[in-house]
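A.B. asks: just coords:
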């Protein structure tokens, strides 16, 4: 991926990609991993993560409790695994994608126009 | 985070965390970022990603087309941004969480028992 | 709701609304039912429904099997319960909302322009 | 469906099913409506509904505003349309499914054990 890889400086996401590839290949599960199926699985895992928060009054960390936090960590891991796997199947460089998207976000929501404004924040999300 | 950080070898995810922190702070949006709200936003972005695949017959890359792939990349970026932000707010180390979860997955789905078996694959997902 | 109600012809949705109200009140759970929490719960249940289909190759009824169909029915029931509850809390008449939306849909997707066209169908969904 | 139908007392859900059938057939879209695709579409619409609430502090009706409420109504209509369509394709009687599920729920969460208890309410949801 980058020059650094050969020197033992493989990035986190490239490392995860390998970890997931090995796991999937050992089980011969690649056949189920169409991008559509992976996008569904990602969405399902994201909902399982949300489920832990859905009835909390404020939704802060303190309301979760230790046991729940461990489960939340695992759901977050599942989300990342499917995202990394989908990126692998679509040949998407996630770091580059985020950097591109952040440029678009900066243009769309200039700091001096949206600062601390809940209404604007909310509005743009629906735009 | 790790000893490597001080030597200019910050990992991808730590770098993203910083990128997002700066973006959020410039806009004073931290006040909206309760874990619950971030988990909702993550789930919404995952669904927006899924939307691009929902009517495809097979759900393969070729059915998407170039224009759609660009949009898909951006939705994937959004998912990663919210995941990294949620991890920041919950003080979760995503790499460690995936490594932990993979150990559990290996125990739960031994390769020699589930290899290439769609039914088992499907069943365990509902378990 | 309608003149018919007094004559024992209460509609399905009004009947469900009552059923759910009684269930919630018996448990004193109304306090957790903010529209936001109910929208989260609805989204989580919809994902649990999707989970049953995510690894199916074609996603047809025959691939599900009897046992799964029973679970799918229950997930569909959960989706409807939360939708009816949300409608109750927001004072939304679901039948009227669908009728309104269908008028908009007819204007947006004229039958003679979109007939049998997967691409158009797909495109407008992302519009 | 029921004896009453022939006498002009078709239920809400049977009426919606017809409305949607006509709409779909006029457009020759049945070919895209596998149960899997409909379950995805339902999940996507549920997320679009959630999106309107995701940054609200308390998530109450008053925080939405009139314009947003109109959009929320339409998202709710979309959710119901896909649910009714999925029920049609799977030959599921939604009213019967809810009644069945409510019996299970009553057994699972006895009113005198879970009354007003946020923790228990939260716990059972993850069970």
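C.D. replies: It's in. The structure displayed is predicted, hence computed values, not measured ones. Numbering: from 1, shown residues only, chains lettered A, B, ... in the order given.
A.B. asks: pick out the residue closest to the middle of chain A.
C.D. replies: With the centre of chain A defined as its mean C-alpha position, the nearest residue by C-alpha atoms, centre = their mean is residue A:80, 4.9 Å away.
A.B. asks: quick check: which ranges of chain A have low pLDDT?
C.D. replies: Scanning chain A for pLDDT under 70 picks out the ranges A:1-9, A:118-127.
A.B. asks: residues of it that sit close to chain C?
C.D. replies: Proximity of chain A to chain C is assessed by C-beta under 8 Å from any C-beta of the partner chain, with A:32, A:37, A:40-41, A:43-44, A:46-48, A:50-51, A:53-55 identified as the residues in range. C-beta coordinates here come from the backbone N, C-alpha and C atoms, glycine included.
A.B. asks: adding neighbour count and secondary structure, write those residues out as CSV.
C.D. replies: Below are these laid out as CSV (neighbours: other C-beta atoms under 10 Å in any protein chain shown; DSSP: H, G, I helix; E, B strand; the rest coil):
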residue, neighbour count, secondary structure
A:32, 20, helix
A:37, 23, helix
A:40, 30, helix
A:41, 25, helix
A:43, 32, helix
A:44, 28, helix
A:46, 34, helix
A:47, 30, helix
A:48, 20, helix
A:50, 26, helix
A:51, 24, helix
A:53, 27, coil
A:54, 24, coil
A:55, 24, coil
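A.B. asks: is chain B contacted by the strand or helix carrying the residue nearest to the centre of chain A?
C.D. replies: In this structure, residue A:80 is located in helix A:66-90 according to DSSP states H and E. Yes: applying C-beta under 8 Å from any C-beta, one finds that helix A:66-90 is in contact with chain B at A:69, A:72-74, A:76-81, A:83, A:86-87, A:89-90.
A.B. asks: just the buried residues of that helix, please?
C.D. replies: Judged by neighbour count using 16 or more other C-beta atoms under 10 Å in any protein chain shown, the buried positions of helix A:66-90 are A:68-69, A:71-88, A:90.
A.B. asks: re earlier: near chain B too, which of the residues of chain A next to chain C?
C.D. replies: Filtering these for neighbours of chain B using C-beta under 8 Å from any C-beta leaves A:32, A:37, A:40, A:43, A:46-47, A:50, A:53-54.
A.B. asks: nearest residue to residue A:116 in space, please, no chain neighbours.
C.D. replies: Setting aside the residues directly before and after it, residue A:116 is nearest to residue B:28 in space (C-beta to C-beta, 6 or more residues apart in numbering or on different chains), at 3.7 Å.
A.B. asks: same question, residue A:51
C.D. replies: Sequence neighbours aside, residue C:44 is the residue nearest to residue A:51 in space, at 4.8 Å (criterion: C-beta to C-beta, 6+ apart).
A.B. asks: repeat that for residue A:32.
C.D. replies: What sits nearest to residue A:32 in space, not counting adjacent residues and going by C-beta to C-beta, 6+ apart, is residue C:55, at 5.1 Å.
A.B. asks: sorry, back to before: and the residues of chain A next to chain C, which is closest to residue B:24?
C.D. replies: The shortest gap between residue B:24 and any of the residues of chain A next to chain C belongs to residue A:53, at 19.0 Å (C-beta to C-beta).
A.B. asks: give me the element the closest residue to that closest one other than its chain neighbours is part of.
C.D. replies: Spatial nearest neighbour of residue A:53, chain neighbours left out: residue B:36 (4.0 Å); criterion: C-beta to C-beta, 6+ apart. Taking DSSP H and E as the criterion, residue B:36 maps to helix B:35-51.
A.B. asks: name the helices or strands packed onto that helix?
C.D. replies: Other elements packing on helix B:35-51 under the criterion 3 or more C-beta pairs under 8 Å, 6 or more residues apart in numbering or on different chains; DSSP states H and E are helix A:35-51, helix B:66-90, helix C:35-51, helix D:35-51.
A.B. asks: let's have the ones you listed in a markdown table, adding distance to residue A:11.
C.D. replies: Putting the helices and strands packed on helix B:35-51 into a markdown table (distance: least, C-beta to C-beta, whole Å) gives the following:
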| stretch | distance to residue A:11 |
| --- | --- |
| helix A:35-51 | 21 |
| helix B:66-90 | 13 |
| helix C:35-51 | 30 |
| helix D:35-51 | 30 |
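A.B. asks: stretch A:97-112 near chain B anywhere?
C.D. replies: Yes: judged by C-beta under 8 Å from any C-beta, stretch A:97-112 and chain B are in contact via A:97-102, A:104-106, A:109, A:111.
A.B. asks: neighbour-wise, which one of those residues leads?
C.D. replies: Neighbour tally across those (other C-beta atoms under 10 Å in any protein chain shown): the maximum, 25 neighbours, falls on residue A:98.
A.B. asks: and that one, backbone torsions?
C.D. replies: Here is the backbone geometry of residue A:98 (degrees, to the nearest 10): phi -70, psi -40.
A.B. asks: distance of residue A:13 relative to residue A:19?
C.D. replies: Distance from residue A:13 to residue A:19, counting by C-beta to C-beta, to the nearest Å: 11 Å.
A.B. asks: who has more neighbours out of these two?
C.D. replies: For residue A:13 against residue A:19, the residue with the higher neighbour count under other C-beta under 10 Å is residue A:13, and the figures read 23 against 16.
A.B. asks: what sits against the nearest residue to the more buried one once chain neighbours are set aside?
C.D. replies: For residue A:13, the nearest residue in space outside its immediate sequence neighbours is residue B:12; the separation is 4.9 Å by C-beta to C-beta, 6+ apart. By C-beta atoms under 8 Å, 6 or more residues apart in numbering or on different chains, the contact list for residue B:12 reads A:11-13, A:94-95.
A.B. asks: can we see that at 6 Å?
C.D. replies: Applying C-beta atoms under 6 Å, 6 or more residues apart in numbering or on different chains, one finds that residue B:12 lies in contact with A:11-13, A:95.
A.B. asks: and for residue A:68?
C.D. replies: With the criterion set at C-beta under 6 Å, 6+ apart, residue A:68 makes contact with residue A:52.
A.B. asks: please tell me how far it sits from residue A:61.
C.D. replies: 10 Å.
A.B. asks: now the angle between helix A:35-51 and the helix holding residue A:80, please.
C.D. replies: Here helix A:66-90 runs at an angle of 160 degrees relative to helix A:35-51 (axes from the mean of the first three to the mean of the last three C-alpha atoms, to 10 degrees).
A.B. asks: so where does the nearest residue to residue A:74 once chain neighbours are set aside fall, helix or strand?
C.D. replies: For residue A:74, ignoring the flanking residues on the chain, the nearest one in space by C-beta to C-beta, 6+ apart is residue B:101 at 5.1 Å. In this structure, residue B:101 is located in helix B:94-108 according to DSSP H and E.
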